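> Okay, sequence plus prediction incoming.
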Protein chains: 2
Amino acid sequence: MALPTSIKLFEMAPRDGLQNEPGTLVPTAIKIELIERLANAGLTHIEAASFVSPKWVPQMGDASEVMHGITRKPGVVYSALTPNLKGLEGALAAGVEEVAVFGAASEAFSQKNINCSIAESLARFEPVLARANDAGIRVRGYVSCVLGCPYEGDISPHKVAEVAKALYEMGCYEISLGDTIGVGTPLAAKRMIEATRQQVPIEHLAAHFHDTYGMALANLYAVMEEGVGVIDAATAGLGGCPYAKGASGNVATEDVLYLLEGLGINTGIDLQAVIDTGIWISQQLGRKPSSKVALAKSTVG
Amino acid sequence: MALPTSIKLFEMAPRDGLQNEPGTLVPTAIKIELIERLANAGLTHIEAASFVSPKWVPQMGDASEVMHGITRKPGVVYSALTPNLKGLEGALAAGVEEVAVFGAASEAFSQKNINCSIAESLARFEPVLARANDAGIRVRGYVSCVLGCPYEGDISPHKVAEVAKALYEMGCYEISLGDTIGVGTPLAAKRMIEATRQQVPIEHLAAHFHDTYGMALANLYAVMEEGVGVIDAATAGLGGCPYAKGASGNVATEDVLYLLEGLGINTGIDLQAVIDTGIWISQQLGRKPSSKVALAKSTVG
């Protein structure tokens, strides 16, 4: 099958990335600068914050300040995670243009991560979707553990399809399929997409793959062969894997961009500007970018 | 196209890996232990040494001692690089069962790396091939820079095919196609294989991909879709990239094995034993394995 001619990149570093970085809290001003740099590099979809209780996720306690602080660039969507109505109201008050809810394809993960069943989590999202619809903003749905669960192991592609369908029918415009622990390999990823596209049109599916086992780019290539046209990634590969200390989490935006450029797929994003941003934010965090492209390009010559 | 049902792995750590590790010389006893551990993990093709002038490559100065020192495991092929007749005689005296010669698909790289044209390098290999044939041992041919050159940039797939054909017609039983600087992406890798298989039967081609830009596994997946059934890799990703300080060289054997296991392709190799070997040799070298699989598996739990 032919690869897509264009890919929409969804940038995760400010939220999924910074939320999972170990160590001290990142200052609000740094978060704002990160988001603005990413927008200036050409990224048009940036998950900028999470409106959750700071008791649970202290890293995201300044979500309102971040959303109010950024200078909005025309054409860029700044979205936020809103797991419940309270979060959604906070996001709306902060001028968020798009929100996201978060379900799992694994019962055990749902219980351990958000303390309720998959069905209960979906029921909780219904008022969020209804209120977002009233407010005229779009909702993205995440499904985690689509290629494996730290508690259950293998996950059936049909379970993924079922949860994706529920979120889609509830009104989510796009379903982002997350390999949360990065255990997937290309044929498993293809099978998962093949099952899910039976329930949700392929143009409404996104691949959110982690690089914990180094498989993310091979998996992305495989699902692009299936027609997936939306990819989630985090600059500098920000966000470690909470289930494997020292291992990688999100696939690096730089590496995805290099892959896409090599495949002749245009994104309108300036790779060098993303590399520079990744090196800058990594310095702020006292770490190295986990992007191999950044490491290769920045040390050459 | 269906993926191959089995893959032959060619292990590079003791030669291509250690030769390109910065720092002090690795003791002979450590090299011997590395080779024996790899064989015990189930690897059946191990490039164990290089018979070159120690003036040029001091890291390989103990090639004879290494070859004499290892306890040979039945069914395992221990090969060595032999760029000229003198090297071949040394290898034969040390009981090497298979040797390899090394050409480039880039004129500029050939000139800078081995100080002669591609045609001159091929001519130099002729007596090596003839003598190896007399001695009844097989010769593997490497082609470097098949997806890009640090001096010339892009390399034509037809140039790769031409050099591969010359080595094959000269008597090399297998042609290993090296993305020496790791710049390739999947469609470029496919196009290179498509051109080369017109000149050399696909079952005589191997993929030798470096992970400098993080593309190696995606590229391997793509060329396996083309039918490539032999893969070169180095445990722990040993061997940095001499053209990008701090960047990765060889794709890690552990990561290739994880990919193959996920694809349902059997190799007979014990992944955990390779991970353990990679961690052990990395400790000897004072570095971390560059295998993401090793990092994820060794820090879980």
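Sure thing, it's come through.

> what number of residues lie near the closest residue in space to A:Gly148 that isn't next to it in sequence?
Distances taken as Cβ to Cβ, 6 or more residues apart in numbering or on different chains place A:Val183 nearest to A:Gly148, at 3.9 Å, with adjacent residues excluded. Every C-beta, even on glycine, is put in place using the N, C-alpha and C of the backbone. Look at A:Val183: counted by other Cβ atoms under 10 Å in any protein chain shown, it has 23 neighbours.

> List the buried residues for stretch A:281-288?
Buried residues in stretch A:281-288, counted by 16 or more other Cβ atoms under 10 Å in any protein chain shown: A:Ile281, A:Ser282, A:Leu285, A:Arg287, A:Lys288.

> go on, stretch A:292-301?
Counting neighbours by 16+ other Cβ under 10 Å, the buried set in stretch A:292-301 is A:Lys292, A:Val293, A:Ala294, A:Leu295, A:Ala296, A:Lys297, A:Ser298.

> mind listing what the third one touches?
Think A:Ala294. By Cβ atoms under 8 Å, 6 or more residues apart in numbering or on different chains, the contact set of A:Ala294 is A:Ala236, A:Ala252, A:Glu254, A:Ile275, A:Gly278, A:Ile279.

> show me the residues around the residue of the stretch 101-250 of chain A found nearest chain B that make contact.
Per Cβ to the nearest Cβ, A:Thr185 is where the stretch 101-250 of chain A lies closest to chain B, at 2.5 Å. Listed by Cβ under 8 Å, 6+ apart, the contact set of A:Thr185 reads A:Met215, A:Ala218, A:Asn219, B:Tyr258, B:Leu259, B:Glu261, B:Gly262, B:Leu263.

> which one of those residues is nearest A:Gly136?
Using Cβ to Cβ, A:Asn219 is the member of the contacts of A:Thr185 that lies nearest A:Gly136, at 34.8 Å.

> A:Thr277 touches A:Leu34, doesn't it?
Yes. Between A:Thr277 and A:Leu34 there is a contact at 7.0 Å, judged by Cβ atoms under 8 Å.

> For A:Val96, I want the exact helix or strand it lies within.
Here A:Val96 sits in a region with no helix or strand, counting by DSSP states H and E.

> residue contacts, it?
Contacts of A:Val96 by Cβ under 8 Å, 6+ apart are A:Ala48, A:Ala49, A:Phe51, A:Met67, A:Tyr78, A:Ser79, A:Ala80, A:Thr82, A:Ile137.

> ok, back up a step: restricting to the contacts of A:Ala294, which residues neighbour chain B?
A:Ala252 (Cβ under 8 Å from any Cβ of the partner chain).

> Which members of the contacts of A:Ala294 are the farthest-apart pair?
Pairwise distances across the contacts of A:Ala294 peak at 11.7 Å for A:Ala252 and A:Ile279 (criterion: Cβ to Cβ).

> For the stretch 151-300 of chain A, just list every one of the helices.
Using DSSP state H, counting those that start in this stretch, the helices of the stretch 151-300 of chain A run over A:157-170, A:186-196, A:216-225, A:253-262, A:271-285, A:292-299.

> Please convert these to JSON lines, extending it with distance to B:Ala29 and mean pLDDT.
Shown next, in JSON lines, are those (distance: least, Cβ to Cβ, whole Å; pLDDT from 0 to 100):
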{"stretch": "helix A:157-170", "distance to B:Ala29": "50", "mean pLDDT": "98"}
{"stretch": "helix A:186-196", "distance to B:Ala29": "40", "mean pLDDT": "98"}
{"stretch": "helix A:216-225", "distance to B:Ala29": "37", "mean pLDDT": "98"}
{"stretch": "helix A:253-262", "distance to B:Ala29": "38", "mean pLDDT": "98"}
{"stretch": "helix A:271-285", "distance to B:Ala29": "39", "mean pLDDT": "96"}
{"stretch": "helix A:292-299", "distance to B:Ala29": "32", "mean pLDDT": "88"}
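
> Could you list the buried residues of stretch A:166-175?
A:Ala166, A:Leu167, A:Tyr168, A:Met170, A:Gly171, A:Cys172, A:Glu174, A:Ile175.

> any chance of the buried residues of stretch A:281-288 in a markdown table, plus distance to chain B?
Formatted as a markdown table, the buried residues of stretch A:281-288 follow (distance: Cβ to the nearest Cβ, whole Å):
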| residue | distance to chain B |
| --- | --- |
| A:Ile281 | 18 |
| A:Ser282 | 13 |
| A:Leu285 | 18 |
| A:Arg287 | 14 |
| A:Lys288 | 9 |
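
> Columns distance to B:Ser117 on top of the buried residues of stretch A:292-301, output as CSV?
CSV is the format used below for the buried residues of stretch A:292-301 (distance: Cβ to Cβ, whole Å):
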residue, distance to B:Ser117
A:Lys292, 33
A:Val293, 32
A:Ala294, 36
A:Leu295, 33
A:Ala296, 28
A:Lys297, 30
A:Ser298, 33
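
> related to what we said a few turns ago, sort out which one of the buried residues of stretch A:166-175 lies nearest A:His204 for me.
A:Glu174 (5.3 Å).

> Might one say that that closest one is in contact with A:Ala164?
No. Between A:Glu174 and A:Ala164 no contact is recorded; they are 10.3 Å apart, counting by Cβ under 8 Å.

> any common contacting residues for the two?
With Cβ under 8 Å, 6+ apart as the test, A:Glu174 and A:Ala164 both reach A:Gly141, A:Leu205.

> what number of residues lie near A:Ser106?
Count around A:Ser106 with other Cβ under 10 Å applied: 27.

> A:Tyr151 is in contact with that one, correct?
Yes. Contact criterion Cβ under 8 Å: A:Ser106 and A:Tyr151 qualify, at 6.9 Å.

> how about the helices of the stretch 1-150 of chain A, start to end?
Along the stretch 1-150 of chain A, counting by DSSP H, counting those that start in this stretch, helices occupy A:18-19, A:28-40, A:63-69, A:85-93, A:107-114, A:118-135.

> Please list the residues outside the shortest one that contact it.
This means helix A:18-19. For helix A:18-19, using Cβ under 8 Å, 6+ apart, the contacting residues are A:Val26, A:Lys31, A:Leu34, A:Ser50, A:Val57, A:Gln59, A:Met60, A:Leu238, A:Gly239.

> Among those, name the buried ones.
Counted by 16+ other Cβ under 10 Å, the contacts of helix A:18-19 give A:Val26, A:Lys31, A:Leu34, A:Ser50, A:Val57, A:Gln59, A:Met60, A:Leu238, A:Gly239 as buried.
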